[in-house]
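J.: here's a sequence, model it:
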Amino acid sequence: MNRQMVLVGFLQAQNCTNLPSSWRHPDSRADSMSADYYQEIARILEAGKFHMAFFDDRLAMPDRYGNDHAHTVEYGIRCVKMDPLIVLTTMGVVTEKLGLGATCSTTYYEPFDVARRFATLDLMSGGRAGWNVVTSLNDGEALNMGRDSHPEHDSRYDRADEFMEVVLGHWDTWEDGALIMDKTSGRFADPTKVKRLDHQGPAFKSRGPFTVPRSQQGHPVIIQAGASGRGQRFAGRWGEVIFTAARSLDAAKAGYASVRNEAAKAGRDPDQMFLCNLTTPVCAATKAEAEDKMALINKLPLEIDALSLLAEALNYDFASKDIDEPLTTEELKSMQGILGIRDGVLKTSGKSNPSARDFVTFSGRGQVQDAMVGGPREIADRLEEMFVERGCDGFVVAATYVPGSYADFVQHVVPELQRRGLFQKDYRGKTLRENLGLKRPAAGAWKMQPRDAAE
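T.: Next comes the predicted model:
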């Protein structure tokens, strides 16, 4: 089979999409706190043969800008954040093959808890679950979870590595074939095929035995989105579906090669992972119609949207300085969270000490300046170029309004991608791994030995 794209729907269990102004769009549904809202999205994505619906998440509303939440609530800047796992269960009920991915933090949860939640979702959905592994971003999340401040960037990833070992270790403790369920003999399962983990490490202790058997796909698919050097090493070691946010083909190709190289260094097969680049399509039957849609969408964002989301993502209060005052080197070094945003602004702006306005201009945060606008051919041409040139293996499709953006993409772009042989016309199987083309993992397969990177 020819190489084909992976498509993921990028969702938020909140009042807006990743674009905070999306709720202001006249065609966006206003009932984002209802099950029917998400179920309609799920039906659209499955009709379009998307591999997965994926939920980003935070454990706090954006409140780092001015260290206050008033602007967030007033302007609806992601102020509602529901539990994505529970929302996913409502979507799983109305779909059969759509993958169901959600975010859960390694910084503020316990490994056994996360392992049980996602293993349960995996069973309840027939092997369609995916876990997006994050280390969280800022002090707001820390304060909500009983901590005084957010841990330092690299130390969070060190903790996350051990967290992964505990979660995967628990998922491995039930062997395939452990269940007997013989009513005549009274034997439910073979105790020799269910082990205790007995993990004791620098950050975690977890005994077991684990309480959820393996699913049809073995265990949930691991999703990751590390952008920094340390984040890419983490993604290369653990990620099976990896989200990227390159804003040009050259940047995408460099990031693609880097993460695959990290996977090879970790002893993994780079072909058993899929890098999906974030894209925000604005599409219609013709380019002219799409441009009309874009003209309306461009009127929605406010400057406060970008400033608030930048403060949240970098754990830095951009209200502490005038918007045009250059940030000091020390202030730039103090930033935490998604350091790829900071590094991208430094590189793209060409300034060693950019201002808050530069961050707004060059980050794209809270804006739609990188949207792909066009009819089916224009959008498909751009996606095809990045895919064929090995900038990515697929795309995370973000919405400018809901559910219309997803419906537009499925109606106009998906058929064109299918006509070109770039995207599947139907699902390969029933589990997420089958549909992605990932091997069902044997117990302990993740305990690979690192080897030198491929040339």
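J.: what's the span of stretch 197-205 from first residue to last?
T.: Stretch 197-205 stretches 10 Å from its first residue to its last (CA to CA, to the nearest Å).
J.: what of stretch 4-18?
T.: Stretch 4-18 has an end-to-end distance of 26 Å (criterion: CA to CA).
J.: likewise stretch 46-63?
T.: For stretch 46-63, the separation between the terminal residues is 35 Å (CA to CA).
J.: ok, and for that stretch, which residues are buried?
T.: For stretch 46-63, burial by neighbour count (16 or more other CB atoms under 10 Å) applies to 46, 48-63. Every residue, glycine included, has its C-beta placed from N, CA and C.
J.: and for stretch 264-271?
T.: Buried, per 16+ other CB under 10 Å, within stretch 264-271: Ala264, Lys265, Ala266, Arg268, Pro270.
J.: ok, now stretch 195-207?
T.: Lys195, Leu197, His199, Phe204, Ser206.
J.: one more: stretch 152-165?
T.: Buried-residue list, stretch 152-165, by 16+ other CB under 10 Å: His153, Arg156, Tyr157, Asp158, Arg159, Ala160, Glu162, Phe163, Met164, Glu165.
J.: so can I have CSV of those residues showing pLDDT?
T.: Output for the buried residues of stretch 152-165, formatted as CSV (pLDDT from 0 to 100):
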residue, pLDDT
His153, 76
Arg156, 89
Tyr157, 88
Asp158, 90
Arg159, 92
Ala160, 93
Glu162, 96
Phe163, 96
Met164, 96
Glu165, 96
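J.: and Asp358, what does it touch?
T.: Shown in contact with Asp358 (CB atoms under 8 Å, 6 or more residues apart in numbering): Val345, Ser349, Lys351.
J.: now swap in Val259 and tell me
T.: For Val259, the contact set (CB under 8 Å, 6+ apart) comprises Gln232, Ala235, Gly236, Gly239, Ile242, Thr244, Met273, Leu275.
J.: chain center to the host helix or strand of it, what's the gap?
T.: Applying DSSP states H and E as the criterion places Val259 in helix 249-265. Mean-position distance between helix 249-265 and its chain equals 18 Å (CA atoms, centre = their mean, to the nearest Å).
J.: same question for stretch 261-272.
T.: The chain centroid and the centroid of stretch 261-272 are separated by 20 Å, computed with CA atoms, centre = their mean.
J.: just the helices in the stretch 251-400 of the chain please.
T.: For the stretch 251-400 of the chain, the helices defined by DSSP state H, counting those that start in this stretch occupy 287-297, 303-314, 329-334, 339-349, 356-363, 376-388.
J.: average pLDDT for the fifth one, rounded please.
T.: Same thing as helix 356-363. Throughout helix 356-363, pLDDT has a mean value of 92.
J.: put the alpha carbons of that helix into CSV.
T.: Extracted in CSV, the C-alpha atoms of helix 356-363 (Å, rounded to 0.1, in the frame of the first residue of the first chain):
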residue,chain,number,x,y,z
ALA,A,356,5.5,41.1,23.8
ARG,A,357,4.2,42.4,20.5
ASP,A,358,6.8,40.4,18.7
PHE,A,359,5.6,37.3,20.5
VAL,A,360,2.0,38.1,19.3
THR,A,361,3.2,38.7,15.8
PHE,A,362,5.6,35.8,15.3
SER,A,363,4.1,33.0,17.5
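J.: got the angle for it vs helix 339-349?
T.: Relative orientation of helix 356-363 and helix 339-349, computed by axes from the mean of the first three to the mean of the last three CA atoms, to 10 degrees: 90 degrees.
J.: buried set for the helix holding Val259?
T.: Within helix 249-265, the residues that qualify as buried are 249, 251-253, 255-256, 259-265, counting by 16+ other CB under 10 Å.
J.: nearest to Pro281, out of the helices of the stretch 251-400 of the chain?
T.: helix 376-388 (5.3 Å; CB to CB).
J.: can you pull the buried residues of that closest one?
T.: By 16+ other CB under 10 Å, the buried positions in helix 376-388 come out as Pro376, Glu378, Ile379, Ala380, Arg382, Leu383, Glu384, Met386, Phe387.
J.: what two of those have the greatest distance between them?
T.: Greatest spacing in these, by CB to CB: Pro376 and Met386 (16.5 Å).
J.: what separates stretch 361-377 from the chain centre, distance-wise?
T.: With CA atoms, centre = their mean as the basis, stretch 361-377 stands 19 Å off its chain's centre.
J.: with stretch 85-92 instead?
T.: Distance of stretch 85-92 from its chain centroid, counting by CA atoms, centre = their mean, is 16 Å.
J.: can you check stretch 114-121 too?
T.: Mean-position distance between stretch 114-121 and its chain equals 17 Å (CA atoms, centre = their mean).
J.: any idea of the mean pLDDT for it?
T.: Averaged across stretch 114-121, pLDDT comes to 98.
J.: so what touches that stretch?
T.: For stretch 114-121, using CB under 8 Å, 6+ apart, the contacting residues are 85, 88-89, 92, 100, 102, 104, 106, 129, 131, 163, 166-167, 170-171, 210-212, 215, 219-220.
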